[in-house]
Structures are given as structure tokens and as C-alpha cells.
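Chemist: need coordinates for the following:
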Amino acid sequence: MQTTTCKKTETYMLAGDVGGTNTRIGLFRPTAEYPVLKDIQIFSSEAYPDLESVVRQYLKTREVAIAGACFGIAGPVKNGQCRATNIPWEVSESNLKTVFSWPIVRLINDLEAMGAATRVLKKEELCVLQKGGEYNQGHRGVVAPGTGLGMSLIVKVKDDYISIPSEGGHTDFAPNSEQEVELWRYIRKSRGHVSVERIVSGPGLVDIHRWLIDEKDAEIPFWLEKKMNKEDPSRVISETALRGEDLGCQKALKMFVTVLGAVAGNLALIGLTYGGVYLGGGILPKILPFLKEENFLNSFANKGRFRDLLKTIPVYVITNEQPALLGAAVYLCNEQF
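Modeler: Okay, here's the model as predicted:
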């Protein structure tokens, strides 16, 4: 998603993607088909006490007219308010409107925003994992691992699509093998409730790797342990696995992908998503080689009598770098412009 220079004489929409790790703020120009991103900045969420502080910092050097704002946030939104799941922020439409004097402010779930983006994503912004059957119209699903795990259904109503906000990432993890039962027991000891987010997320990948070390007597090389202590451990594990430098990392990433496939297949059954399942988030575009292996699609279709049906459902990886940000702009465009 390319950006261009903003002009002070033009009017813009402000969009935000508020996550547990990063908050992305961007300015868009509304068009008839596709909101055009003009400018973007990424902030570390934990470095700021609230969303208002992030927006103030962003607008310090940008003197532009804003016609409306929409923020996709990782957490349940109710009556225009949200307590974020993975950061200590409380956000409300009314407060943002008061502080910044914008005429329009919308707060939506981040996966609701990502679902809205599927309406405008181009072919080159999607990687096809499964083409599906001849009939590829109908409801859609989105699954997006990151700091947490977001899920959403996009319901087709006549010729339109409506994103349904969801906190499906916090539903129960259902093991599908003896090995996954062992993993469930391990996570339960330290986490209590074992949701699918405890497995299919950045921190979940780290826990899978830790389980392999603690319970399966896998060895962790000194250089790898040192690197994981200095850098983001989930990124280190996935990058090390992709380079084939450590068997433990490869095993952890394969289990991550396998459970992800089961979760995506469950969502496909719940919504009968003949229009496709879209895989988003910051992790998945970076691990495409593992997603293209048989583990993911085998797990996706492993639904007993409904195996053949699951093989008719398209599966895509979203390669657009900012789908939730784009989706927030799409949502505002469709509602107000």
C-alpha cells in the first residue's frame, strides 16, 4: 500500500488500526471504489497511555482537514466504547469526538474492519491457498493471528457484505491429536482457560515452542535462546523455522499452522463461507511457505463427513500490508461518503 504527499487544501478521512503491539494511523482520500492511502505512521501501543495521545502525536506535523475518523480496535466494542483486550486503553467515540472536534467518529472491532477490506482487495493482494469449487459466492470468514487472534464472519446480503464483530479468538481450543491434548494440558497449567488465541497468536507460538522444550526434551541452541531474549521471540521462532536452522522452531511453527487450519475450518463450517476464508494479520504473510505445505489444508478440511465440502471453500492469505487500516477507511466511506 503506497502513500503519497498530503495537501493542506484537501479533506481527508483518518483511519486507525489499534492493536496490542502497534497502532497504525493513516489519512485516506475517499474514492468511488477504493480509499486511497495518502500517509501512514506506526506507533508502539505500549509507549502511549491512550489512543488520544497517539492521534495527537500523529497530527502534530499534519495540518489537514479531517471529515471523519474510524478506528478498528482489538477488543469488543459496545455502544461506541471499548476496553482494549491486550493494552490498558479505554476508548470511546464520544471522547474522541470531543477532543478532536471531528464531525464523525466510528469505533469498530479490528476484525470487523478487516472484513470490510475484503470488499475492495485486489487479486494481487491475495495469495490463493485453495481455489475452491465452482461456486465461490456467499458469506466470507476472516481469521487473523497477531498479538491475539481475531475472527469475523462477513455476511452476504444481496449484493453487499456486512462484517460481524466477533471475539471468536477466545473460544475454547479443541485438541485434535494426542500431541495437542498434551499441549492443552501444558497451557492450562499456566494460563487457566485455554482459548484458541493461547495457541494461534504470536505469544501462542512462543508457548508452543516452550512446551516442546519443557515437555518434549527438545534442545534450544544457546545462540537461539540468546536471540529470543533480545528480540521478539515469536518472530525469531518463525524466521528461524523458515530458514531451516532449528528443528524445534520448525516443529513449533508446523503445530501453529496445523491448529490455525482447524480454527479456520471451524469458522468455514459455522458460516458456510462459500465466498472464502481470508487469513490476515501480521504473522501469516511472512510464513507462506509453511501455509502452503499440506499441514494447513489437511487440518482445514479434517471435519469428518464435511471434508469434501471444506475442499470447495476458497482460502486466501491477505498480502496487503494494512488490511485493517484499509477496512476502517472502507467502513467510513460506505457509511458517510
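
Chemist: residue 288 and residue 44: what is the separation?
Modeler: 26 Å (CB to CB, to the nearest Å). Using the backbone N, CA and C atoms, a C-beta is placed for each residue, glycine as well.

Chemist: of these two, who's got more company?
Modeler: A direct count of neighbours by other CB atoms under 10 Å for residue 288 and residue 44 places residue 288 higher, at 13 against 10.

Chemist: helix, strand, or coil at that one?
Modeler: Classification of residue 288 using DSSP: H, G, I helix; E, B strand; the rest coil returns helix.

Chemist: what about the closest residue to residue 103 other than its chain neighbours, how many neighbours?
Modeler: Distances taken as CB to CB, 6 or more residues apart in numbering put residue 68 closest to residue 103, at 6.3 Å, once the chain neighbours are dropped. A count of nearby residues for residue 68, using other CB under 10 Å, gives 21.

Chemist: contacts only, for residue 68.
Modeler: Contact partners of residue 68, counting by CB atoms under 8 Å, 6 or more residues apart in numbering, are 13-14, 102-106, 332, 336-337.

Chemist: that one belongs to a strand?
Modeler: Yes: checked against three-state DSSP, residue 68 lies within a strand.

Chemist: list the strands paired with the strand or helix carrying residue 108, with their directions.
Modeler: With secondary structure defined by DSSP states H and E, residue 108 is part of strand 105-109. When sheet partners are counted by DSSP bridges, strand 105-109 sits next to strand 65-73 (parallel).

Chemist: can you pull up the bridge partners for residue 39?
Modeler: residue 27.

Chemist: so it sits against residue 27, correct?
Modeler: Yes: the pair residue 39 and residue 27 passes the contact test of CB atoms under 8 Å, sitting 4.6 Å apart.

Chemist: looking at the two, which one has more neighbours?
Modeler: residue 27 (24 against 17).

Chemist: related to what we said a few turns ago, for the strand holding residue 108, output the C-alpha coordinates as PDB.
Modeler: Output in PDB follows, covering the C-alpha atoms of strand 105-109 (Å, rounded to 0.1, in the frame of the first residue of the first chain):
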ATOM      1  CA  VAL A 105     -16.200   9.200  14.700                       C
ATOM      2  CA  ARG A 106     -16.700   5.500  14.400                       C
ATOM      3  CA  LEU A 107     -15.200   2.800  16.600                       C
ATOM      4  CA  ILE A 108     -15.400  -0.800  15.300                       C
ATOM      5  CA  ASN A 109     -13.800  -4.200  16.100                       C
END
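
Chemist: between the next helix or strand after it and strand 105-109, how many degrees?
Modeler: Following strand 105-109 in sequence order, the next helix or strand is helix 110-117 (DSSP H and E). Helix 110-117 and strand 105-109 are oriented at 100 degrees to each other (axes from the mean of the first three to the mean of the last three CA atoms, to 10 degrees).

Chemist: tell me which residues in stretch 298-308 are buried?
Modeler: Going by neighbour count (16 or more other CB atoms under 10 Å), the buried part of stretch 298-308 is 299-301, 303.
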